[in-house]
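K.L.:
coords below, sequence missing:
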């Protein structure tokens, strides 16, 4: 992954915190989305092209990416640009609030871009239309090819200002791309921006690959590969493409994840019909065994403070969710509802654990508190599993498979996301069928 | 129009009655036996004459049935006669479970079959085990029959 340095040039007016009139209520999902006008960014240059990039069109493109991000949250309703009266350059200097108020806009985004010294400089402002006030003014400088990331960062800043929560637009999703017949699926690791743009394939499809997960800095990925028909956990550096087997286990290792500090990989190791949970320190290669039960122990996931681990075990007979301290002591079963439970994942906020539940031939994605109370099922379907949290703990991305006919026809696997309120379920566009999504943390922190 | 749907409904009733009676007589109707273990031979291949290559499991189970043990005993006899032959035991699960758990379950199933071969005198050195979880179904339909055929441990001659 290319490291991109954004220089925050200036907050060129004082930011007014706290007493603004607009506020987005995020506890209710999309019942009453906030009308927002995203004016095309004014392009302040003579030249139409910079190298391969049509700069003249960038003002529109950036505003469209921002709009699409807002729309996808279900919390905002981006207004139709045809109704905009004020020109982008004038609106950016001083909006005529009556005009924007007339088309019901409560918030307005304006901006300006220019190329200077071969750098793309983007300014934007967020305005509170009813209060006639500027809420944020920021500027970013980057290479012109990174205009999409600028659009995502702008989206994050506005989202943060209006909802009071961290954004999640400047992020990526790694997943398994699937093609071909159900009995002979070809699977590749793929990575894309959160909005589906910039898809790249990281493996060629020669061997089966499953369950990729980012490390906290988003530069490494751990996943399961069947390279040479030996299913093992691998570590891949996305930037260099270098990959290596994790540890030296005499059998299958699987279900890997990073510890929150990125120093360890936690995973299952299966031997003689028994799967237990192990960690390996990436630097020292020191391996530690955390569970010794004779049943299946898998799908481990750390709490964000690294002190606890939730995992899946069938020691009680069927799959249930357990927690334990990170040294393997203090094991506690936390799932007790009807049905069986799998794939627990600890929220980045620490309060909730997301899971897959199977009951009466249906699959559910749900959340419960880390002590097992307050179980809520968010979505029901024929088959869906493997939730992964957005970095702000607001959304879950998971994959869903459709029921296939007698000859496997009609089978699809797609990525979906849902707000933890249970609202705003939507399919993520992927170039191919897709499964096993994992959400990165924010790329620019 | 109405008449047509009535006939259709009647046909459905007749057909389903037929299907029910076929089930109750129990002769090779679906191949799914007691506790949803597949008992048919549709997907089965043979290591040698009379030596089936696979055994089937109930949902979420890695227990060998009487029929499975019989199959494995025949495999053990065959392996004792062919001392230079090594095998790979592939464990599989159906699509109705989470991927990671299914990988573990496939490994458990393959090892259940391996352990049985060991008790019949086959050296552990001749048997390697691999789990594919739900990744390699033999029947791609989303039906209880397909799922029962996919819950399997298959013995394959090593190359």
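P.N.:
Yep, that arrived. Note that this is a predicted model, so its numbers are computed, not measured.
K.L.:
poorly predicted segments of the chain, please.
P.N.:
Just going to use chain A. When residues are selected by pLDDT under 70, those of chain A lie in A:1-31, A:45-52, A:445.
K.L.:
please go with chain B instead
P.N.:
Confidence mapping of chain B against pLDDT under 70 gives the ranges B:1-34.
K.L.:
so where do the strands sit in it?
P.N.:
B:46-48, B:51-52, B:54-56, B:87-92, B:127-133, B:152-157 (DSSP state E).
K.L.:
what's the most buried one of those?
P.N.:
Mean neighbour count (mean count of other Cβ atoms under 10 Å in any protein chain shown) peaks for strand B:54-56 among the strands of chain B, with a mean of 26. In this view, the C-beta of every residue, glycine as well, is placed from N, C-alpha and C.
K.L.:
partner strands of it, parallel or antiparallel?
P.N.:
Strand B:54-56 pairs in its sheet with strand B:152-157 (antiparallel), by DSSP bridges.
K.L.:
run through who's touching the partner strand.
P.N.:
B:38, B:43, B:47, B:53-57, B:75, B:85-92, B:109-110, B:112-113, B:138 (Cβ atoms under 8 Å, 6 or more residues apart in numbering or on different chains).
K.L.:
around chain A, pick out the residues from chain B.
P.N.:
Counting by Cβ under 8 Å from any Cβ of the partner chain, the residues of chain B close to chain A are B:60, B:62, B:95-101, B:103-105, B:107-108, B:110-112, B:115, B:129-132, B:135-143.
K.L.:
can you go through those and name the buried ones?
P.N.:
With neighbours counted by 16 or more other Cβ atoms under 10 Å in any protein chain shown, the residues of chain B next to chain A contain buried members at B:60, B:62, B:95-101, B:103-105, B:107-108, B:110-112, B:129-132, B:135-142.
K.L.:
disregarding residues adjacent in the polypeptide, which is nearest to the closest residue to chain A within chain B?
P.N.:
Chain A sits closest to residue B:140 of chain B, with a gap of 2.7 Å, by Cβ to the nearest Cβ. Computed as Cβ to Cβ, 6 or more residues apart in numbering or on different chains, the closest residue to residue B:140 that is not its neighbour in sequence is residue A:408, at 2.7 Å.
K.L.:
for the one you found, give its distance to residue A:184.
P.N.:
Residue A:408 is 10 Å from residue A:184, where distance means Cβ to Cβ, to the nearest Å.
K.L.:
ok, residue A:304 next?
P.N.:
According to Cβ to Cβ, residue A:304 stands 39 Å off from residue A:184.
K.L.:
which of those two has more neighbours?
P.N.:
Neighbour count, other Cβ atoms under 10 Å in any protein chain shown: between residue A:304 and residue A:184, residue A:304 has more, with 16 against 10.
K.L.:
nearest residue to that one other than its sequence neighbours?
P.N.:
Of all residues apart from its sequence neighbours, residue A:350 sits closest to residue A:304 (Cβ to Cβ, 6+ apart), at 4.8 Å.
K.L.:
follow-up on the earlier one: so can I have CSV of the strands of chain B showing distance to residue A:280?
P.N.:
Supplementary listing: the strands of chain B in CSV, determined by distance: least, Cβ to Cβ, whole Å:
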stretch, distance to residue A:280
strand B:46-48, 38
strand B:51-52, 40
strand B:54-56, 34
strand B:87-92, 24
strand B:127-133, 20
strand B:152-157, 29
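K.L.:
for residue A:193, find the nearest of these.
P.N.:
strand B:127-133 (29.5 Å; Cβ to Cβ).
K.L.:
which residues sit against the closest one?
P.N.:
Contacts for strand B:127-133 (Cβ under 8 Å, 6+ apart): A:208, A:229, A:231, A:251-252, A:270, B:86-93, B:99-100, B:102-107, B:109-111, B:114, B:117-118, B:158.
K.L.:
sheet partners, orientation included, of it?
P.N.:
Listed by DSSP bridges, the sheet partners of strand B:127-133 and their directions read strand B:87-92 (parallel).
K.L.:
how about the residues of the stretch 301-445 of chain A near chain B?
P.N.:
By the criterion of Cβ under 8 Å from any Cβ, the positions of the stretch 301-445 of chain A lying close to chain B are A:312, A:314, A:318-319, A:340, A:342-343, A:356, A:358, A:361, A:382-383, A:385-386, A:401, A:403-408, A:411, A:435-436.
K.L.:
could you report the neighbour count for the residue of the stretch 301-445 of chain A found nearest chain B?
P.N.:
Per Cβ to the nearest Cβ, the residue of the stretch 301-445 of chain A with the smallest distance to chain B is residue A:408, at 2.7 Å. Counted with other Cβ under 10 Å, residues neighbouring residue A:408 total 16.
K.L.:
helix, strand, or coil at it?
P.N.:
When the structure is split into helix, strand and coil by DSSP: H, G, I helix; E, B strand; the rest coil, residue A:408 lands in coil.
K.L.:
measure it to residue A:176 for me?
P.N.:
Using Cβ to Cβ, we find residue A:408 at a distance of 18 Å from residue A:176.
K.L.:
same question, residue A:157
P.N.:
Using Cβ to Cβ, which is the criterion applied here, residue A:157 is 32 Å from residue A:176.
K.L.:
now the helices for the chain?
P.N.:
Answering for chain A, as no chain was given. Assigned helices in chain A, in chain order: A:55-73, A:88-93, A:97-102, A:147-163 (criterion: DSSP state H).
K.L.:
think we crossed wires, I meant chain B
P.N.:
In chain order, chain B shows helices spanning B:2-25, B:66-81, B:99-119, B:144-150, with DSSP H as the criterion.
K.L.:
if I look at the residue nearest to residue A:36 when sequence neighbours are not counted, how far off is chain B?
P.N.:
Of all residues not flanking residue A:36 in the chain, residue A:107 sits nearest, at 4.5 Å (Cβ to Cβ, 6+ apart). Noted for residue A:107: a distance of 41 Å to chain B, by Cβ to the nearest Cβ, to the nearest Å.
K.L.:
got the domain ranges for chain A?
P.N.:
Following automatic domain parsing, chain A resolves into domains at A:7-163, A:172-439.
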